[in-house]
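Chemist: build me a model from this:
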Amino acid sequence: MTGDAGLARLSEALESALAAAGAPEGFSPGLERPRDPTHGDWASNAALVLAKRLGQPPRALAARVCELIDPAAAGIAAVEVAGPGFLNFRLSDRSIWPRLTEVIEAGRDWGRTRTSPALRVNVEFVSANPTGPLHVAHGRGAALGDAVASLLEWAGHDVTREFYVNDAGRQIELLGESVEARYEETAGRPATVPEGGYHGEYVRDVALTIRDAAGPGFLASLPAEERKAHFRREAVRLLREEQAEDLSRFGVDMDLFYSERSLYESGAIDRLLEALDDGGLIYRSQGATWLRTSSHGDEKDRVLIKSDGSFTYFLPDLAYHLEKARRGFDVAIDVWGADHQGHEKRMLAALRGLSCPDLLEVLIIQLVTVLRDGREVRMSKRAGRFVTLGELVEETGPDVARYFFLMRRAEVHLNFDLDLALDTSDANPVYKVQYAHARMCSVFRKAGVVADEVPASLEVPDGFGTPAEREVALSVLRLPEVIGAAARSRAPHLVCAYLEETAGLVNAWYHRGNLDPAQRILADVPERTARIRLARAVQLTLRNGLRALGLSAPETMTRDAK
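Modeler: All right, here's what the predicted structure looks like:
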């Protein structure tokens, strides 16, 4: 599907009128939605922008454009000058009701657009160390990353969802040692978790799983170093599998789990160091190897290899991103936690130095505080130090958890209100949208109509369309525009806001029948079939908007009695 055809039609007619009024060749007028819908369906500041250049008062120029624009070509019923020279447009019914055909014919694809050029995009998110369960901040990153990936797919791009497994380094060594210590304790032998190690109850669970899988005598028969390696390897595998299962229950399925350890085994890091050395991008000082990031926008140079010969985190991470470029991705979008914010500038500088200036985009997510009765929920029964994603999803369900993570901008702190999340009324924003969808499905059942068989084309009765119905239809027609904007700005919260607004309009339209039986969707009036068709367009819009965020669209819903 393409974008908003009605908007393109209005834009072309406005551009033609502006050219006739003296606008320079190539001038493209801006159009936006008025904040107050009583001002019209679209507004433009084109007369204000051009007035000084053309030597005319803005209102006079705007009035001239009103005279020159072709209403039929623009698909408008009226245009008026407002304020200092704004142009406010009100669409004609002929440019609204026939376009519902486009919605119904598109069906499951309504809302999709084709972006040119279509890009190969790698979206890397979660990427938690395989040293414990995923916590709620990981959940926010998972919801954001998956929704951004989905929106990009709806906009026509080729997307890969990727999880970078940090399965190398000191933290992995500490995990293995911690699990081995818990294993020793289960055998009645004294053992101490190493300093900086892991203490949650899950560590004991992992130790017991490894012991039971190994069988009697196997672990005791291994030499010390082999046994240590066995605990490390098996702990990483088990915890990574658990993380993948938690994500799957959350509705997130990765296309690829990329191992950090593979960078060492494949020689990717050696190749990177060689390329950096050949390009004169590294130097040695104070026994360490440094990257000249200050030459490419960073405030200082960065250490790649410490004086003791060990690598900093920066080196394998840079090698990993170059591998993304080597694999043919045009854009690599990374979802990082707030604690990684300082890492962004050095990565961008390094990639500029390696001739990949446009490869990386970073989305930073802020922390999540889980609240119950207005107080912070501090700890997990299993993990000890934090609330796990698995426990949250078990309590709220995946749809509610995902929506709550998505409905606010990622870069602001999120208070996750469990009381609101567990509310099954319209006060819960995701249920508000899902109830509106289910209501439309109930209309089809009561009418004895199969939703997929609702006709796309229909002769709409003259005068059809109350103000409420008109508002609903206009909102429905915005879906491709909203998904496209959310994909471009990597902002799923825009779709949440749109769905809530649309659901509010739909619910108001639906409930008007409680006050006036003739306004009921299934009232025995000439408008009945047209209303059913509008209900079908609504149902498709809400369903597809929810799907674009990775959420379900139930056809039936039951409220709790309370």
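Chemist: the residue nearest to P37 when sequence neighbours are not counted: what's it in contact with?
Modeler: Of all residues not flanking P37 in the chain, E471 sits nearest, at 7.0 Å (C-beta to C-beta, 6 or more residues apart in numbering). Any C-beta I mention is one placed from the backbone N, CA and C, and that applies to glycine too. Residues in contact with E471 (C-beta atoms under 8 Å, 6 or more residues apart in numbering) are 37, 505, 509.
Chemist: so what does the helix or strand encompassing the second one touch, helix or strand wise?
Modeler: Right, the one you point to is L505. For L505, the enclosing helix or strand under DSSP states H and E is helix 493-515. In this structure, helix 493-515 makes packing contacts with helix 398-406, helix 429-447, helix 467-476, helix 479-488, helix 528-548, judged by 3 or more C-beta pairs under 8 Å, 6 or more residues apart in numbering; DSSP states H and E.
Chemist: so which elements touch the longest one?
Modeler: Meaning helix 528-548. If you count contacts as 3+ C-beta pairs under 8 Å, 6+ apart, helix 528-548 packs onto helix 100-106, helix 136-154, helix 429-447, helix 467-476, helix 479-488, helix 493-515.
Chemist: what are the buried residues along it?
Modeler: Buried residues in helix 528-548, counting neighbours by 16 or more other C-beta atoms under 10 Å, are found at 529-546, 548.
Chemist: R64 reaches A21, doesn't it?
Modeler: Yes: in this structure, R64 is within contact of A21 by C-beta atoms under 8 Å, at 5.0 Å.
Chemist: can you count the residues close to the closest residue to R528 other than its chain neighbours?
Modeler: Leaving aside its chain neighbours, R528 sits nearest to L522 (6.4 Å; criterion: C-beta to C-beta, 6+ apart). Other residues lying near L522 total 15 when counted by other C-beta atoms under 10 Å.
Chemist: again, but for the one 5 residues further on
Modeler: Around E527 sit 19 other residues, with neighbours defined as other C-beta under 10 Å.
Chemist: contacting residues around the helix or strand E394 falls within?
Modeler: Element membership of E394 [criterion: DSSP H and E] is helix 389-396. Residues outside helix 389-396 that contact it (C-beta under 8 Å, 6+ apart): 133-136, 138-139, 142, 246, 249-250, 370, 380-382, 401, 404, 416, 418, 421-422.
Chemist: buried only: go through those residues for me.
Modeler: Buried positions within those, assessed by neighbour count (16+ other C-beta under 10 Å), are 133-136, 138-139, 142, 246, 250, 370, 380, 401, 404, 416, 418, 421.
Chemist: among these, which one has the lowest pLDDT?
Modeler: Lowest in pLDDT among the buried ones among the contacts of helix 389-396 is S380, which has 66.
Chemist: where exactly do the strands run in this protein?
Modeler: In the chain, the segments counted as strands under DSSP state E are 42-44, 76-82, 86-91, 120-124, 158-165, 256-259, 282-285, 288-291, 302-305, 331-337, 360-365, 368-372, 375-376, 414-417.
Chemist: which one of those strands is the most hemmed in?
Modeler: Scoring these by mean neighbour count under mean count of other C-beta atoms under 10 Å gives strand 120-124 as the most buried, with a mean of 23.
Chemist: and A74, how far from L48?
Modeler: Distance of A74 to L48, given as C-beta to C-beta, to the nearest Å: 19 Å.
Chemist: who does S44 bridge with?
Modeler: Counting by DSSP bridges, S44 forms beta bridges with L87.
Chemist: P84: neighbour count?
Modeler: Each residue near P84 was counted by other C-beta under 10 Å, and the total is 13.
Chemist: got a list of what it touches?
Modeler: For P84, the set of contacting residues under the criterion of C-beta under 8 Å, 6+ apart consists of 48, 58-59.
Chemist: so what does it have for phi and psi?
Modeler: Its backbone dihedrals place P84 at phi -80, psi 0, with angles given as degrees, to the nearest 10.
Chemist: report pLDDT for V472.
Modeler: Note for V472: predicted pLDDT of 96.
Chemist: quick one: it and L505, what's the gap?
Modeler: 5 Å.
Chemist: pLDDT weak spots in the stretch 451-562 of the chain?
Modeler: Low-confidence segments of the stretch 451-562 of the chain (pLDDT under 70): 559-562.
Chemist: near the closest residue in space to A73 that isn't next to it in sequence, how many other residues are there?
Modeler: Taking C-beta to C-beta, 6+ apart, and ignoring the residues beside it in sequence, A73 has A13 as its nearest neighbour in space, at 4.5 Å. Summarising burial for A13: neighbours were counted as other C-beta under 10 Å, giving 21.
Chemist: show me the contacts for A13.
Modeler: Under the criterion of C-beta under 8 Å, 6+ apart, the contact partners of A13 comprise 69-70, 73-76.
Chemist: before we move on, back to that, quick check: phi and psi at the residue nearest to R528.
Modeler: Residue torsions, per degrees, to the nearest 10, at L522 are phi -100, psi 20.
Chemist: in this structure it contacts K446, no?
Modeler: Yes: at 6.0 Å, L522 and K446 qualify as touching, with contact defined as C-beta under 8 Å.
Chemist: which residues touch A325?
Modeler: By C-beta under 8 Å, 6+ apart, the contact set of A325 is 332, 356, 359.
Chemist: and which of those is nearest to I305?
Modeler: Nearest to I305 out of the contacts of A325 is C356 (C-beta to C-beta; 21.2 Å).
Chemist: my read: the closest one touches L318, true?
Modeler: No: C356 lies out of contact with L318 (C-beta under 8 Å); the separation is 10.1 Å.
Chemist: neighbour count winner among these two?
Modeler: When neighbours are counted by other C-beta under 10 Å, C356 and L318 differ, and L318 comes out ahead with 23 against 16.
Chemist: what about the nearest residue to Y431 once chain neighbours are set aside, neighbour count?
Modeler: The shortest distance from Y431 to any residue that is not its chain neighbour, by C-beta to C-beta, 6+ apart, is 6.1 Å, and that residue is T424. Burial measure for T424: 15 neighbouring residues, criterion other C-beta under 10 Å.
Chemist: any idea how far stretch 510-528 is from the chain center?
Modeler: Here stretch 510-528 shows a centroid-to-chain-centroid distance of 37 Å under the convention C-alpha atoms, centre = their mean, to the nearest Å.
Chemist: list of residues touching that stretch?
Modeler: When contacts are defined by C-beta under 8 Å, 6+ apart, stretch 510-528 is touched by residues 436, 439, 443, 446-447, 461, 464, 466, 468, 531-532, 535.
Chemist: which parts of that stretch are buried?
Modeler: For stretch 510-528, a neighbour-count test (16+ other C-beta under 10 Å) marks 510, 512, 519-521, 527 as buried.
Chemist: what about it, start to end distance?
Modeler: Chord length of stretch 510-528, first to last residue, is 13 Å (C-alpha to C-alpha, to the nearest Å).
Chemist: returning to what we had before: rebuild the contacts of A13 as CSV, extending it with distance to R161.
Modeler: Putting these into CSV (distance: C-beta to C-beta, whole Å) gives the following:
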residue, distance to R161
I69, 46
D70, 47
A73, 44
A74, 42
G75, 39
I76, 42
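Chemist: can you tell me which of the residues you listed is closest to R9?
Modeler: Compare each of the contacts of A13 with R9 using C-beta to C-beta and the shortest gap goes to G75, at 5.0 Å.
Chemist: for the closest one, which non-adjacent residue is spatially closest?
Modeler: S95 (3.3 Å).
Chemist: give the contact list for that neighbour.
Modeler: So S95 contacts 6, 9, 75-76 (C-beta under 8 Å, 6+ apart).
Chemist: what does E153 give?
Modeler: By C-beta under 8 Å, 6+ apart, the contact list for E153 reads V159.
Chemist: so how far is the helix holding E394 off the chain centroid?
Modeler: The chain centroid and the centroid of helix 389-396 are separated by 20 Å, computed with C-alpha atoms, centre = their mean.
Chemist: which regions of the stretch 101-250 of the chain lie under the pLDDT threshold?
Modeler: Applying pLDDT under 70 to the stretch 101-250 of the chain picks out no residues at all.
Chemist: which residues of it fall in helices?
Modeler: Secondary structure of the stretch 101-250 of the chain (DSSP state H, counting those that start in this stretch): helices at 136-154, 170-186, 201-214, 218-221, 224-249.
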